[in-house]
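Novice: Any chance you can model this:
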Amino acid sequence: MMPRAWTLTSRPQGMPTPDNFALVDLDPRPLEDGEVRIANQWLSVDPYMRGRMNDVRSYTPPFALGKPMEGGAIGTVVESRSDQFKPGDTVQHFAGWRDEAALPDTQVQPLPQLDVDPQAYLGQLGMPGMTAYFGLIEVAQLKEGDTVFVSAAAGAVGSTVVQIAKAKGCHVIGSAGGADKCAWVQSLGADAVIDYKGDVPVVKALGEVARNGIDVYFDNVGGDHLDAALAHANLHARFAICGMIDVYNSAEPTCLRYLARLIGNRVRMQGFIVSDYVDRAADFYRDMGGWLQDGKLKRQETVVEGLERMPEAFLGLFSGGNTGKMLVRV
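Specialist: Numbering: from 1, shown residues only. Okay, the predicted model is just below:
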């Protein structure tokens, strides 16, 4: 059976549709010296991939039309011409959106030695978890006793933010959509949870549970969540801007009614990219491994079965289709 990969056939205007993607056969090729062939088992879909579908200059190059797309993946080495890996090794790499990858060994990493399922390294113990960790610890300069507000708190990044902030002795308010997701966030230790799909506007709901304001906002959403955080920001509040899924598929500008509060309250707002901190991964695994051992970390995964459903899983990110990390099992 020939290896297959998803390609982008056209650049989406607004929300992507299945017509923007095509599943194609790849020509198998023999390995060169220093390469390995990997049978992918777990594939990641992440909101940042939407930006790569636009032909614009950004921190990561756009997907090329007609070429295999990329993303985080976990798989098993099935053939090796490398002295770094042998058949049977479980590894991680960035040639996702396909069922098989032939790569130089420099683009492949062994999994860290923690007592977790392999797919955890695509979520809480991978890029999303590192995003939560460095966004809080470094960008937001988290301090014990802070009141932390996090949007998309039931997602892969947000749910980890909740747990790290609680482990650091903070008061945590999360926002999630629907009763089930709110209950999940509450079970992670959040002190209060806002249902943004409810009847109460986010800015009012946040005011009701953050009577003394917020010190840290971890933004995964943008839009009305960012505006609500500005409305209730304390003096010298710190905002870590991770993502703005609310506006990725919209050409409409975000209206921030409370933006001027940045000035009087000396709010520091900083965007960041997790790759800025990749050289400090050891710090992340040290702390996360300790919290894992102490039973302070939980995770949940939404698993979509089959490579054929990859676009469906991706689009589910924008309709609230996931609790925790969205994964595709090949």
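Novice: burial of Leu122, as a residue count?
Specialist: 28 (other CB atoms under 10 Å). The way it works is simple: take the backbone N, C-alpha and C, and place the C-beta from them, glycine included.
Novice: go on, the one 3 residues further on?
Specialist: A count of neighbours around Leu125, defined by other CB under 10 Å, yields 25.
Novice: and the gap between it and Asp294?
Specialist: 15 Å (CB to CB, to the nearest Å).
Novice: Just the helices from the stretch 201-330 of the chain, written as ranges.
Specialist: 202-209, 223-231, 261-264, 281-293, 310-316 (DSSP state H, counting those that start in this stretch).
Novice: Mind checking the pLDDT average for the shortest one?
Specialist: Averaging pLDDT along helix 261-264 gives 96.
Novice: What is it packed up against?
Specialist: If you count contacts as 3 or more CB pairs under 8 Å, 6 or more residues apart in numbering; DSSP states H and E, helix 261-264 packs onto helix 223-231.
Novice: report the angle between the axes of the helix it packs on and helix 202-209?
Specialist: 40 degrees (axes from the mean of the first three to the mean of the last three CA atoms, to 10 degrees).
Novice: For Asn322, see how far away the nearest residue to Ile74 once chain neighbours are set aside is.
Specialist: Counting by CB to CB, 6 or more residues apart in numbering, Ile74 lies nearest to Trp42, which is 4.2 Å off, once chain neighbours are set aside. Counting by CB to CB, the gap from Trp42 to Asn322 is 14 Å.
Novice: Which residue ranges make up the domains of this structure?
Specialist: Using automatic domain parsing, the domains assigned to the chain come out as 4-123+299-329, 127-275.
Novice: remind me which residues of the stretch 151-300 of the chain are low pLDDT?
Specialist: For the stretch 151-300 of the chain, residues meeting the criterion pLDDT under 70 lie at 251, 253.
Novice: got the residue ranges for the strands in it?
Specialist: Under the criterion DSSP state E, counting those that start in this stretch, the stretch 151-300 of the chain carries strands at the ranges 171-176, 192-195, 214-219, 233-241, 268-271.
Novice: what would those look like in JSON lines with distance to Gln300 and mean neighbour count?
Specialist: As requested, the strands of the stretch 151-300 of the chain are exported to JSON lines (distance: least, CB to CB, whole Å; neighbours: other CB atoms under 10 Å):
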{"stretch": "strand 171-176", "distance to Gln300": "12", "mean neighbour count": "27"}
{"stretch": "strand 192-195", "distance to Gln300": "15", "mean neighbour count": "22"}
{"stretch": "strand 214-219", "distance to Gln300": "18", "mean neighbour count": "27"}
{"stretch": "strand 233-241", "distance to Gln300": "22", "mean neighbour count": "20"}
{"stretch": "strand 268-271", "distance to Gln300": "27", "mean neighbour count": "15"}
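Novice: of all those, which lies closest to Met69?
Specialist: Met69 lies closest to strand 268-271 among the strands of the stretch 151-300 of the chain, at 24.3 Å (CB to CB).
Novice: what helices or strands is that closest one leaning on?
Specialist: strand 233-241.
Novice: the inter-axis angle of the strand it packs on versus strand 214-219?
Specialist: Relative orientation of strand 233-241 versus strand 214-219 (the same axes, to 10 degrees): 20 degrees.
Novice: ok, residues contacting strand 233-241?
Specialist: Residues outside strand 233-241 that contact it (CB atoms under 8 Å, 6 or more residues apart in numbering) are 135-136, 139-141, 147, 212-219, 226, 229, 261, 265-272.
Novice: quick revisit: so for Trp42 and Asn322, which residue has more residues nearby?
Specialist: For Trp42 and Asn322, the more surrounded residue by other CB under 10 Å is Trp42, and the numbers stand at 25 against 22.
Novice: If that one is in a bridge, with which residues?
Specialist: Ile74, Arg329 (DSSP bridges).
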